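> with the sequence up front, the predicted model follows.
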Amino acid sequence: MADSDTSDRNDGSQDSTLAANSSSSTLDVVKNPSNTEQTASQKAGDGQGERGQWGNHIEFFLTSLGLAVGLGNLWRFPYVCYENGGGTFLVPYLLSLVFIGLPLFFMEAALGQFAGTSCTIIYRNLAPGLKGLGYGMLSINTIIQFYYTVIMAWGLLYMFEGWRSELPWTRCNSATGSINCYSIDDVEHCGESQTFWNFTCLDVEVFCKKFNHTYDGDDNPNGCVSSITGANVRLVDMYRRISPSEEFFKHHILGLDSIGVVNTWESYGEPRWMIIGSLALSWTIVSLGLVKGISSYGKLSYFITLFPYVILTVILIFVSQEDGFHRGIEFFLTPHWEKLRDSNVWLAAVTQIFYSLGVSIGCQLALSSYNSFHTNCHRDTVLIALLNSGTSIFAGFVVFGTLGMLAERQGLEMSDVITEGTGLAFQVYPAAVTIMNPPQLFSFMFFFMLCLLAMSSISASWEPVVASVLDDFPNLRKHKTKVYFACCFVGFLCGISCCFPSGYFMFDLLNHRISHSIIYVALLEVISVAWFYGIRNFMKDLDLMKVWIPYPLRICYMVVWTFIIPVLLIFLIYTLLAHRPPNSTEDYVYPDGIQALGWLIEMFPVSIPLAFALYEALKRVWEGDGEAAKFLRTGPMLTTSSKWGPRADRPAAIQGVLNEALDTDGVIREKNNRIEDACSISIDNENQEKRTEL
């Protein structure tokens with residue numbers, strides 16, 4: 001009994017001391033508000049190195065724009081748009097931007113700015129039952145960078161190859177092409193009654209005999225006569241004409257010979273050492289750009305983000321003067337309304353928006369976490385989203401205008417001029433620079449721009465990966481440089497699997513499968529914020545950061561986050577699972593084992609939050625935690641923990657939401673309440689003294 005009394009008195013004296021100390025520190029903050037930020041930053045650093053900050057707001061805006069405006073616009077958008085009908089694709093693409101992409105982009109920017117930390121910490125505190133969601137996002141982001149750096153490696157190779165006396169993809173070359181290569185520059189050296197085939201000019205009569213047809217110079221001087229039906233056959237219909245740029249990419253860069261025959265998953269081929277060396281150079285450039293932290297990279301964004309617009313404009317001016325340009329633009333802008341009934345077109349549009357904006361992969365959460373607390377993130381996200389889609393459409397004019405030029409030169413339909421697939425950009429853009437003068441200079445400028453965009457996308461996306469490592473292990477902040485280089489080296493090793501002739505199949509598999517993973521994670525993300533955390537709580541957080549939104553738009557956001565996005569994503573997921581064609585490249589369908597590997601890749605990011613939740617529940621039961629039953633209820637698992645709240649360097653102290661089932665540090669909570677009481681008493685006393693003096 002005596003011990004108890006003594007303990008009570010000791011607690012009482014400690015409370016008095018705590019109140020006095022907190023009262024004194026609070027008065028200092030009231031008298032000098034700047035002390036709040038200083039104290040918070042010191043606490044955040046804790047001797048382990050502080051979290052970086054943007055040098056100024058423009059650096060954040062341009063870096064976020066660099067994340068949004070990058071390979072997703074110049075490389076991915078053109079081939080996805082081409083595969084899905086050109087103008088038909090633009091309709092669901094723009095609708096997806098308004099109703100899914102932009103609202104999610106804004107939500108992530110606000111969350112990151114409010115919490116001031118990476119996605120792994122945010123979702124651990126926001127919905128502890130889904131604390132693995134942040135790691136699921138990072139897994140998607142990490143896998144994307146494995147093959148994004150391969151694209152940068154291709155760009156570097158093109159940049160080096162372009163300094164020859166003649167661009168190697170200008171004409172057909174037996175060393176890098178096939179007998180079906182067809183070039184308008186080669187045809188110009190042929191006579192009127194000749195055609196170009198098998199790297200030489202042939203008389204049309206000889207050419208017809210090669211394909212077991214006859215020739216009638218009077219009736220059909222520029223074609224053959226079918227030996228079976230007797231009908232006239234155009235020369236262009238005799239075989240598929242392949243452009244030199246397509247031949248160069250597939251044969252010289254990738255090392256592909258015959259897809260599905262020579263190049264298969266079972267026959268992976270010899271390493272493409274030039275790609276591996278270029279990949280090593282790519283990761284070295286990325287690591288050097290990031291090694292000094294996010295602030296130093298922000299300064300590079302001034303040039304990296306703005307230079308591509310200059311190059312695209314120059315290319316567009318040249319291409320617009322060529323025959324066939326308007327034909328390509330018509331294909332790009334004219335929708336075929338009947339194709340909108342194909343759910344795959346809508347699915348492709350949503351995944352493209354996610355790719356372009358970097359939504360649901362943790363990037364925007366990390367970049368906005370380096371903002372100041374009162375940054376107008378709504379204005380920034382709207383501008384970035386509009387510029388992103390505008391850049392995609394602008395790049396579309398360049399790509400489809402060039403496709404129209406190639407179709408005109410080769411006498412083909414727009415849908416037949418280039419094989420569909422992820423290599424479209426490396427077949428179209430090189431063809432465009434061949435018509436410029438001097439082509440070597442414009443080739444270098446374009447692929448230099450492509451590498452800058454790749455670096456911009458990769459750097460802005462790789463930063464969240466490293467930031468999450470540093471946030472989870474603060475002691476490593478003293479070794480930032482080593483952590484950056486180590487993470488980049490791991491990324492290099494994982495990308496080597498794409499540096500073989502058949503490694504292109506791995507590249508294609510990763511690109512298609514991981515794009516579907518983003519939709520699953522996006523659904524979990526929007527539900528965790530709008531339903532588990534609560535849309536009203538989230539809107540209060542926006543008010544706390546002084547993010548002004550017009551009232552009608554505010555209501556629209558609430559409806560979209562709460563109902564429209566979840567319903568649309570559930571419908572897309574159903575479509576995705578119900579109507580899934582097997583993965584393939586051109587006509588080569590991947591083996592069953594590879595299809596299973598694709599499912600593992602696709603479901604891996606989704607399995608991470610489920611595995612984390614299961615582990616945490618089993619751990620509490622195994623350890624005999626008395627609060628285990630309370631934790632296993634859905635409410636506590638999906639309710640914010642006591643650690644959730646505004647970032648440490650916020651202008652005013654705001655406490656997190658109490659979740660008793662997860663609040664393992666009740667002493668801290670009690671002390672926080674005592675500090676609040678002490679603050680109120682000290683401020684009242686000071687006001688009383690002032691009134692007495694008056």
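Great, that's in hand. Numbering: from 1, shown residues only.
> show me what contacts residue 522?
Residue 522 makes contact with 104, 354, 359, 360, 565, 569, according to CB atoms under 8 Å, 6 or more residues apart in numbering. Every C-beta, even on glycine, is put in place using the N, C-alpha and C of the backbone.
> thought the second one was touching residue 101?
Yes: using CB atoms under 8 Å, residue 354 makes contact with residue 101 at a distance of 7.0 Å.
> which one of those two is surrounded by more residues?
A direct count of neighbours by other CB atoms under 10 Å for residue 354 and residue 101 places residue 101 higher, at 27 against 24.
> for the more buried one, give me its contacts.
350, 353, 354, 356, 357, 359, 385.
> and it, how far from residue 94?
Distance of residue 101 to residue 94, given as CB to CB, to the nearest Å: 10 Å.
> reformat the contacts of residue 522 as a markdown table; add distance to residue 604, pLDDT and secondary structure.
Output for these, formatted as a markdown table (distance: CB to CB, whole Å; pLDDT from 0 to 100; DSSP: H, G, I helix; E, B strand; the rest coil):
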| residue | distance to residue 604 | pLDDT | secondary structure |
| --- | --- | --- | --- |
| 104 | 21 | 95 | helix |
| 354 | 17 | 90 | helix |
| 359 | 19 | 88 | coil |
| 360 | 15 | 90 | coil |
| 565 | 23 | 96 | helix |
| 569 | 19 | 94 | helix |
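> quick check: of those, which lies closest to residue 165?
Minimum distance to residue 165 across the contacts of residue 522 is 43.2 Å, recorded for residue 354 (CB to CB).
> am I right that residue 257 sits in a strand?
No: counting by DSSP: H, G, I helix; E, B strand; the rest coil, residue 257 is not part of a strand but coil.
> just to check, it is in contact with residue 251?
Yes: under the criterion of CB under 8 Å, residue 257 makes contact with residue 251 at 7.2 Å.
> these two: which is more packed in?
Each of residue 257 and residue 251 has its neighbours counted (other CB under 10 Å); residue 251 has more, 19 against 13.
> the residue nearest to the more buried one when sequence neighbours are not counted and residue 160, how far apart?
The spatially closest residue to residue 251, leaving aside those adjacent along the chain, is residue 176, at 5.0 Å (CB to CB, 6 or more residues apart in numbering). From residue 176 across to residue 160, the span is 15 Å (CB to CB).
> the more surrounded of the two?
Ranked by neighbour count (other CB under 10 Å), residue 176 and residue 160 place residue 176 first, with 17 against 13.
> how about that one, what does it touch?
Contacts for residue 176 were tallied using CB under 8 Å, 6+ apart; they are 168, 247, 248, 251, 252.
> so which of those residues comes closest to residue 150?
Nearest to residue 150 among these, with distances taken as CB to CB, is residue 252, at 15.9 Å.
> and the closest one, what does it touch?
Counted by CB under 8 Å, 6+ apart, residue 252 has contacts 168, 176.
> that one falls within a helix, correct?
Yes: counting by three-state DSSP, residue 252 is found in a helix.
> roughly how far does it sit from residue 158?
Counting by CB to CB - residue 252 and residue 158 are separated by 10 Å.
> kindly report the same for residue 78.
Separation of residue 78 from residue 158 (CB to CB): 16 Å.
> and for residue 214?
43 Å.
> same check on residue 326?
Counting by CB to CB - residue 326 and residue 158 are separated by 28 Å.
> so which of these two has more stuff around it?
Applying other CB under 10 Å to residue 326 and residue 158 shows that residue 158 carries more neighbours, namely 26 against 13.
> which helix or strand contains that one?
helix 133-161 (DSSP states H and E).
> that helix: how far from the chain's middle?
Relative to its parent chain, helix 133-161 has a centroid offset of 10 Å by CA atoms, centre = their mean, to the nearest Å.
> one more: stretch 345-354?
13 Å.
> what of stretch 357-370?
So, by CA atoms, centre = their mean, the centroid of stretch 357-370 is 9 Å from its chain's centroid.
> so where is the stretch 501-650 of the chain shaky, pLDDT-wise?
Under the criterion pLDDT under 70, the flagged ranges of the stretch 501-650 of the chain are 623-642, 648-650.
> and the strands in it?
Taking DSSP state E, counting those that start in this stretch as the test, the strands found in the stretch 501-650 of the chain are 584-585, 588-589.
> and what of the stretch 101-250 of the chain?
Under DSSP E, counting those that start in this stretch, the stretch 101-250 of the chain gives strands at 194-197, 200-203, 223-225, 232-234.
> per-residue pLDDT, the nearest residue to residue 426 once chain neighbours are set aside?
Ranked by CB to CB, 6+ apart and with sequence neighbours excluded, the top spatial neighbour of residue 426 is residue 249, at 4.6 Å. Looking at residue 249, its pLDDT reads 92.
> before I go, just wanted to say thanks for your time.
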